[in-house]
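Novice: Here is a sequence with its predicted model. Questions after.
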Amino acid sequence: EEYEDYCARPGRKRNISNVFDSDGMISFTINKPKWQRFEDKVWNMFYHLESDILPIGDTVLFYDDSNSRQIDGVYADEKYLYIVECKYRSKKSGRNQPPGGILDDVRKWHGQWKRVCRSLSEIPEIGRERTPIFVLATYGVEWTKQLKDEVGEIGVLIDNSQIDGVIDLKKNIGLSAKAVFLQELFKESKKFSEIEGPKKVFNCTRTKIDGFQIYNFFANSGDLINLANVPRRMPSGGDLSQAYQRALKPAKVNQIGTYLSDKGAFFPNSVIIAVEEECEFYCDVEGEVSDIGKVELPNKYGSLFIIDGQ
């Protein structure tokens, strides 16, 4: 029955080989096409991120009684419900391809979105506590302004290179990679970039140099991890136009981790961070060169660009 069900789906029969039928039991080999392997990679990423929900195989959701929707992936953490649509395009001469019909698919999601979310929230394992986020995962697809705008109404985009980066980070630094995943997912979103809760405020000195505000302060790295961002060259390439840091070296990460595990070990150097948005400053003491007071940072995923420092 599983074999017949698989063969009945468009385009899948040609991926089957080595069929052996014995007394009604069928064994066969599936040579997964590249688009299906990409879906598996997305599943693999959420597996490494220890998703609360991790369905195996096709997920078909019935909503409004008579309607159904096949979903490439439904995953969750304590805060978000990720409803994932995967789109694979073969690159031409190493270049991503225009979205084309993907735009129409996203528009269909617009029309079904509220009803799909309502039906998902009625499933006991999911519940109503999580915020539903539409995630368009892409390989070989150009992120045009039109595509970004269409997706941005209900969700966010993530590319194959970002997925590779998150998986590699998880293998090397554990669940701390979840913070990087959230940055990559939400940092360019107009709708979902804001982090709930009070903004981070630190005692600091402020100096003005050539019209720029320079703040010096001490902070626990855990207070900044969701705000921080490193535009990094990913292992599989991706958009390098904004990337200024080299690809992560796992061996180097492990060396740093081993060093920091010793009692009293730390890096006695500054971390240099650039912020595009203007920070709020509350002055307590004015000086000729520097002022003393408090700086309030923007409460957005990936809003702090790490320039240098360990």
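Specialist: Structure received. Please read all numbers here as calculations on a predicted model, not as lab measurements. Numbering: from 1, shown residues only.
Novice: which element follows whichever helix in the chain runs longest toward the C-terminus?
Specialist: For the chain, the helix with the greatest residue count under DSSP state H is helix 102-121. The helix or strand immediately downstream of helix 102-121 is strand 131-139, counting by DSSP states H and E.
Novice: Just the element for the residue nearest the centre of the chain, please.
Specialist: By C-alpha atoms, centre = their mean, the chain has its centre lying nearest to Leu185, at 3.3 Å. Assigning secondary structure by DSSP H and E places Leu185 in helix 177-186.
Novice: pLDDT (mean, whole number) over the helix or strand following that helix?
Specialist: As assigned by DSSP H and E, the chain's next helix or strand after helix 177-186 is strand 201-209. Mean pLDDT, computed over strand 201-209, is 96.
Novice: try stretch 268-280
Specialist: 90.
Novice: buried ones in it?
Specialist: Ile273 (16 or more other C-beta atoms under 10 Å). In this view, the C-beta of every residue, glycine as well, is placed from N, C-alpha and C.
Novice: and the longest helix of the chain, what does it pack onto?
Specialist: The contact analysis (3 or more C-beta pairs under 8 Å, 6 or more residues apart in numbering; DSSP states H and E) places helix 102-121 against strand 59-63, strand 67-71, strand 80-88, strand 131-139, helix 145-152.
Novice: Go again with 7 Å.
Specialist: Packing partners of helix 102-121 (3 or more C-beta pairs under 7 Å, 6 or more residues apart in numbering; DSSP states H and E): strand 59-63, strand 80-88, strand 131-139, helix 145-152.
Novice: want to try JSON lines for those, with mean neighbour count and mean pLDDT as columns?
Specialist: Shown next, in JSON lines, are these (neighbours: other C-beta atoms under 10 Å; pLDDT from 0 to 100):
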{"stretch": "strand 59-63", "mean neighbour count": "14", "mean pLDDT": "85"}
{"stretch": "strand 80-88", "mean neighbour count": "21", "mean pLDDT": "95"}
{"stretch": "strand 131-139", "mean neighbour count": "22", "mean pLDDT": "95"}
{"stretch": "helix 145-152", "mean neighbour count": "16", "mean pLDDT": "94"}
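Novice: Tell me which of the ones you listed lies nearest to Ala219.
Specialist: strand 80-88 (25.6 Å; C-beta to C-beta).
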